[in-house]
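>>> Sharing a model that was predicted from the sequence below.
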Amino acid sequence: MNYSVLDYLSMIGDPGRTGAYVRALRKMVTPESVVLDLGAGFGFFAVLAARLGARRAYAVERNDAIGLCPALARANGVEDRVTCFQGDARRVVLPERANILVEDIRGALPLQAGRIRLLRHARERLLTPDARLVATRERLWAAPARHPAPVQRDLATVGDDTFGVDLRPLRPHVVDGARRLRANADDLLLPGALLGTLDLTDIHEPNFDGTAHWSPDAPLTADGFVVWFDADLAEGEAFSAHPGSGQSVHGSLYLPLREPLAVPPGAQLALRFRGIEVGEDYLWSWECEIGTGSGSVLARTPRQSTLGALGVTRDRLSARSDQHRPALGPEGRRWRDAISLIDGQRSAGEIAQLLRRADAPSDGEDVGEWLRKVLDLIESGEVRQL
């Protein structure tokens with residue numbers, strides 16, 4: 001995700017989250033410390049570590065905000081001890097290994113795409129064997145809830161007369177849409193129950209599968225579930241994204257149910273929540289079960305997943321199957337023919353002449369416009385990356 005400077009400032013402005021990090025660093029940093037600020041934004045924690053006396057601080061960030069880090073270091077008088085790197089941390093080579101790692105690569109949940117693999121890479125290539133992590137352990141919590149206000153607004157919109165249009169066919173995609181939001185404490189129907197724990201000092205598996213349990217004393221009707229996390233930091237510091245706890249910048253994840261779920265008193269309510277890392281994102285899925293103390297199942301909800309919220313058709317899904325046999329269309333064939341002419345021997349002008357002799361695209365596309373795209377690619381030198 002390409003965060004802006006304002007996004008990073010909103011994180012720093014969260015007193016619960018940032019205050020806990022600052023207190024932990026104050027207790028950890030010594031004159032012998034080498035600190036790695038991973039996913040550094042504009043390098044706030046790296047500059048802070050240097051101001052606290054660290055011998056060296058390295059800030060690593062892919063986004064352009066890292067370009068502001070040198071000016072920030074100069075303004076704070078630590079430019080001689082802060083080094084900034086822009087790029088993928090998996091390809092960065094540090095002059096030395098760090099003995100403290102500070103990072104907050106999270107979204108609504110600690111399971112941010114790529115984070116677990118990045119932590120594993122840092123332990124293997126960027127940290128000393130005895131390096132300390134500022135964030136050490138995180139727990140995921142869930143609680144049955146009524147629809148928070150943003151969800152109520154969306155559901156009200158998908159009615160039979162929305163500015164004269166019937167939007168009811170879209171409702172299934174709304175209720176399969178897990179979303180990041182700031183739930184209120186009043187939205188929760190029961191206290192939070194533990195879904196699972198992440199040990200950041202030794203975690204290797206990016207996927208998650210956890211189940212939370214409740215046994216309510218009174219009847220309740222749940223519209224969905226709110227999921228949040230809390231984090232243990234080094235030196236006994238911690239913070240929580242619990243709804244209502246100062247409205248953490250991280251917010252929470254809301255999992256709506258397709259239909260309200262009535263839970264009788266004394267019944268056993270269980271929520272199974274899973275996260276599968278898929279490329280640059282997570283696929284979330286959830287399902288509920290209501291049982292008795294003797295083990296009988298009274299009700300079970302269908303499994304829902306964020307895939308349903310995307311509006312992806314069966315044909316689109318089948319095209320991503322390992323069994324799919326892709327074929328080039330007209331445009332693909334033209335690009336194939338154009339690329340085949342790029343051999344290091346022909347000039348751009350010669351390639352253009354050969355392409356002009358080709359048959360016109362059957363779908364009526366303007367050949368001249370397409371040819372300009374090809375020539376722009378050639379002249380820019382980007383073909384060297386192909």
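That came in fine, so what should we check first?
>>> what's the distance between Arg336 and Gly329?
Distance of Arg336 to Gly329, computed by CB to CB, to the nearest Å: 11 Å. The C-beta positions use only the backbone N, C-alpha and C, and glycine is treated the same way.
>>> actually Pro302, not the one I typed
From Pro302 across to Gly329, the span is 37 Å (CB to CB).
>>> now Phe229
Noted for Phe229: a distance of 45 Å to Gly329, by CB to CB.
>>> When those two are compared, which one has more neighbours?
Neighbours were counted for Phe229 and for Gly329 using other CB atoms under 10 Å; Phe229 has more, 23 against 10.
>>> that's a helix at that one, yeah?
No: under the criterion used here (DSSP: H, G, I helix; E, B strand; the rest coil), Phe229 is strand, not part of a helix.
>>> Could you give the bridge partners of it?
Going by DSSP bridges, Phe229 is paired in beta bridges with Leu140.
>>> tell me the contacts of it?
Arg106, Leu109, Pro110, Glu138, Arg139, Leu140, Trp141, Ser240, Ala241, His250 (CB atoms under 8 Å, 6 or more residues apart in numbering).
>>> Could you identify the most distant pair in these?
Across the contacts of Phe229, no pair lies farther apart than Arg106 and Trp141, at 14.5 Å, counting by CB to CB.
>>> Go ahead and list the helix or strand containing the residue lying closest to Ala238 once chain neighbours are set aside.
Distance criterion CB to CB, 6 or more residues apart in numbering; nearest residue to Ala238, sequence neighbours excluded, is Asp232 at 5.1 Å. Using DSSP states H and E, Asp232 falls within strand 220-233.
>>> so after that strand, what's the next helix or strand?
strand 238-240.
>>> and the nearest residue to Ala50 once chain neighbours are set aside, what is it in contact with?
Nearest-residue entry for Ala50: Val78, 3.7 Å, with adjacent residues in sequence omitted and distances by CB to CB, 6+ apart. When contacts are counted by CB under 8 Å, 6+ apart, Val78 is found next to Val47, Ala50, Arg51, Ala57.
>>> Assumed the first one was part of a helix.
Translated: Val47. Yes: counting by three-state DSSP, Val47 is located in a helix.
>>> Let me see the confidence value for it.
Per-residue confidence (pLDDT) for Val47: 98.
>>> Strands along the stretch 1-150 of the chain, start to end?
34-38, 56-61, 82-86, 98-103, 127-133, 135-145 (DSSP state E, counting those that start in this stretch).
>>> could you dump those to CSV with mean neighbour count, mean pLDDT and distance to Trp284?
Formatted as CSV, those follow (neighbours: other CB atoms under 10 Å; pLDDT from 0 to 100; distance: least, CB to CB, whole Å):
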stretch, mean neighbour count, mean pLDDT, distance to Trp284
strand 34-38, 26, 98, 24
strand 56-61, 26, 97, 26
strand 82-86, 20, 96, 31
strand 98-103, 24, 98, 22
strand 127-133, 15, 97, 26
strand 135-145, 22, 98, 12
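>>> so which of these comes closest to Asp343?
Asp343 lies closest to strand 82-86 among these, at 34.2 Å (CB to CB).
>>> just checking, what packs against that closest one?
helix 44-51, strand 56-61, helix 69-75 (3 or more CB pairs under 8 Å, 6 or more residues apart in numbering; DSSP states H and E).
>>> so how far is it off the chain centroid?
23 Å (CA atoms, centre = their mean, to the nearest Å).
>>> Direction included, what does that strand pair up with?
Here strand 82-86 is paired, per DSSP bridges, with strand 56-61 (parallel).
>>> got a list of contacts for the strand it pairs with?
Residues outside strand 56-61 that contact it (CB under 8 Å, 6+ apart) are 34-43, 45-47, 49-50, 66, 69, 78, 81-87, 89, 92, 94, 96, 98.
>>> how about 6 Å then?
When contacts are defined by CB atoms under 6 Å, 6 or more residues apart in numbering, strand 56-61 is touched by residues 34-38, 40, 43, 46, 49-50, 69, 81-85, 89, 92, 94.
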